[in-house]
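Engineer: 3D, please:
(one chain, ligands or ions: 1)
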Amino acid sequence: MSGMKLGVIGLGTRLSHMVNCMREVESGLQVVAALDPDEASVRGSLPEKDAQSVRFVRTVDEMAAAGVDAIAVGTRCNLHAQYAIEVASTGLPLFLEKPVATTLEQAIALEEAFRASESNVVVSFPLRASPLCVRVKHLLEEGTVGIPQHVMAVNYVPYGDVYFNSWYRDYQVTGGLFLQKATHDFDYLAYCLRSPIVRVAAMRSCGRVYRDASLSEGESDASCAYFEHIGTPETGMNEDSSGALVEFANGVQAVYTQVFFTKRGAGRRGAVFSGYRGTLSFDWYENKASVVHHFDSFKDDYQVDSDLPHHGGDGALAENFIRVVRGEANSISSIWAGLQSVYACLAAKESAESNQFCAVRQLTNLERIEVPLS
Ligand SMILES: NC(=O)c1ccc[n+]([C@@H]2O[C@H](COP(=O)([O-])OP(=O)(O)OC[C@H]3O[C@@H](n4cnc5c(N)ncnc54)[C@H](O)[C@@H]3O)[C@@H](O)[C@H]2O)c1
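Structural biologist: Model prediction:
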């Protein structure tokens, strides 16, 4: 295939960035069709040649009829599933932003649509694609810690204001921060452990920080804009922090926690995997992993030698997508991974609401989930 014709649905901040990453891999990539109400902004974010020639369409069928080789969906969260379902019926390769769905009804419909579809999907999970995570997965598979038995995973988000002072504050669009944020973490954990999450007990804390105007007095970065339109704990709002006890199908137990009012150098994202033979810890902010061998006097350190967006994951995803479209590779981040993660996030949300352990809906086609690294 020489050149590549891409159709874009929702070419905002995120998808523009990802299309640029794709163009670095395939210089002949052209955005030939767009479905987005903000025509001016779409043209403005495209290279001049594409901006002039791109055709605006109103449906996915019209986009397919425009002769695109692949479609990318980057709308806000609540529209991902609906567009993905329409793309499924075209059989075209799809790059799909996360979360792949925001409700159980959407997720089930998406699952049905892709069981019946030939479309290959790359879900936008840069963490699992990052070199650090891939190395951690390999170390676990090599038995570095023995059989992993326990995981502690943390996400101290130093840019959490964005979930209250931008469009992300609309709970009806995001569905909360398990779906918005933990979807990545639940995904990379299941990926590294090669096992889906089956049971979750979760808690969340809302409105104690990002509604309390008194907290912001005297704070240098308090814009107060986020005190408007962020909902209430009663009507639904994004959480200040939330966490979950998680059980995987292979019996591994984990604790995951995410905090959205962290600032500056306190940011941390990563995990500690414990087995009888060793402890493996890693952190994306430090770009480092280390293994302590419980029965050996040496410690192994791994330092990632690059500083790329999403720790190199965006580039890896873009490259994989281009190779999937060319028919050269399998997806490293399939629709099944996207769905598994959403089912776990929905169970976490349900658990936080009901104060109960909740079972995670499982996919029955497990053999399709384990995709070898290309
Ligand atoms: N994978 C990641 O690491 C990552 C990182 C950031 C954002 N995201 C996800 O990317 C998505 C988009 O975020 P963003 O910040 O780019 O948002 P954005 O608002 O910048 O972009 C959304 C785009 O969708 C368009 N749009 C609105 N209504 C539409 C409709 N009915 N049909 C088609 N297009 C429509 C808008 O005009 C806009 O161009 C979110 O779901 C977010 O969760 C993922």
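Engineer: where does the stretch 1-150 of the chain dip in pLDDT?
Structural biologist: Applying pLDDT under 70 to the stretch 1-150 of the chain picks out residues 1-2.
Engineer: Show me which residues of it sit near the ligand.
Structural biologist: Residues of the stretch 1-150 of the chain lying close to the ligand by Cβ under 6 Å from any ligand atom are 9-14, 35-38, 41, 74-77, 79, 97-98, 124, 126. No exception for glycine: its C-beta is placed from N, CA and C like everyone else's.
Engineer: Could you identify the buried members of those residues?
Structural biologist: Applying a neighbour-count criterion of 16 or more other Cβ atoms under 10 Å, the buried members of these are 9-12, 14, 35-36, 74-77, 79, 97-98, 124, 126.
Engineer: In strands only, show me the residues of the stretch 1-150 of the chain next to the ligand.
Structural biologist: Judged by DSSP state E, the subset of those located in strands is 9, 35.
Engineer: Can you name the residue of the stretch 251-374 of the chain nearest the ligand?
Structural biologist: residue 310 (5.9 Å; Cβ to the nearest ligand atom).
Engineer: So stretch 276-295, near the ligand or not?
Structural biologist: No: using Cβ under 6 Å from any ligand atom, stretch 276-295 never reaches the ligand; the gap is at least 12.0 Å.
Engineer: just how off-centre is that stretch within its chain?
Structural biologist: On the basis of Cα atoms, centre = their mean, to the nearest Å, stretch 276-295 sits 23 Å off its chain's mean C-alpha point.
Engineer: can you list contacts of that stretch?
Structural biologist: Applying Cβ atoms under 8 Å, 6 or more residues apart in numbering, the external contacts of stretch 276-295 come out as 127, 130, 132-133, 135-136, 139-140, 143-147, 149, 267-273, 299-304, 306-307, 311.
Engineer: Can you select the buried ones among those residues for me in PyMOL?
Structural biologist: Applying 16+ other Cβ under 10 Å to the contacts of stretch 276-295, the buried members can be selected in PyMOL as follows:
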select buried, resi 127+130+132+133+136+139+140+144+145+267+268+269+270+271+272+273+302+304+311
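Engineer: and the contacts of stretch 276-295, which of them are in helices?
Structural biologist: If you go by DSSP state H, those have 127, 132, 133, 135, 136, 139, 140 in helices.
Engineer: Please name the residues that touch the fourth one.
Structural biologist: For residue 135, the contacting residues are 289, 302, 304, by Cβ under 8 Å, 6+ apart.
Engineer: Next one: it from the ligand, what distance?
Structural biologist: In this structure, residue 135 and the ligand are 20 Å apart, going by Cβ to the nearest ligand atom, to the nearest Å.
Engineer: go on, the last one?
Structural biologist: Between residue 140 and the ligand the computed distance is 23 Å (Cβ to the nearest ligand atom).
Engineer: How about the residue of the stretch 1-150 of the chain found nearest the ligand, nearest residue that isn't a chain neighbour?
Structural biologist: When scored by Cβ to the nearest ligand atom, the stretch 1-150 of the chain has residue 12 as its residue closest to the ligand, at 1.7 Å. Taking Cβ to Cβ, 6 or more residues apart in numbering, and ignoring the residues beside it in sequence, residue 12 has residue 74 as its nearest neighbour in space, at 6.0 Å.
Engineer: Ok, residue 319 next?
Structural biologist: residue 25 (4.7 Å).
Engineer: From residue 16, how far off is the one you found?
Structural biologist: 16 Å (Cβ to Cβ, to the nearest Å).
Engineer: More neighbours: which of these two?
Structural biologist: Counted by other Cβ atoms under 10 Å, residue 25 and residue 16 do not tie: residue 16 has more neighbours, with 18 against 15.
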